[in-house]
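> the following comprises the amino acid sequence and a computationally predicted model.
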Amino acid sequence: MHGQLPDQKASEIRLTDDERQSCEIWTRVMGYHRPITEFNPGKKSEAAERVAFKEPNLGSPAAS
């Protein structure tokens with residue numbers, strides 16, 4: 001039962017900080033993908049300010 005206490009259920013697995021793995025975030029820049037850890041300070045700041053686009057739900061298409 002790695003990362004799990006004896007009285008925990010299987011769905012309640014908890015990891016210690018030592019067991020965690022960092023997540024590398026990639027983005028598409030000028031037609032190719034690169035990790036944001038490789039960005040210069042200005043590009044990192046720009047990436048942090050980005051807002052994800054959310055398309056509004058317009059409902060189901062009208063019957064013709």
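The structure has been received and is ready for your questions.

> and stretch 26-35, which residues are buried?
For stretch 26-35, a neighbour-count test (16 or more other CB atoms under 10 Å) marks nothing as buried. For the C-beta atoms, the positions are set from N, CA and C on the backbone; glycine is no exception.

> need the residues that contact that stretch.
Outside of stretch 26-35, the residues within contact range by CB atoms under 8 Å, 6 or more residues apart in numbering are 24-25, 36, 43, 47.

> just the buried ones from those residues?
Among the contacts of stretch 26-35, none counts as buried (16+ other CB under 10 Å).

> hmm, which two among the residues you listed are most spread apart?
Of all pairs drawn from those, the greatest distance, 15.7 Å, lies between Glu24 and Lys43 (CB to CB).

> for His33, see how far away Glu24 is.
11 Å (CB to CB, to the nearest Å).

> excluding chain neighbours, what is closest to the most centrally placed residue in the chain?
Centroid-nearest residue in the chain, with CA atoms, centre = their mean: Ile25, separated by 6.8 Å. Distance criterion CB to CB, 6 or more residues apart in numbering; nearest residue to Ile25, sequence neighbours excluded, is Ile36 at 5.2 Å.
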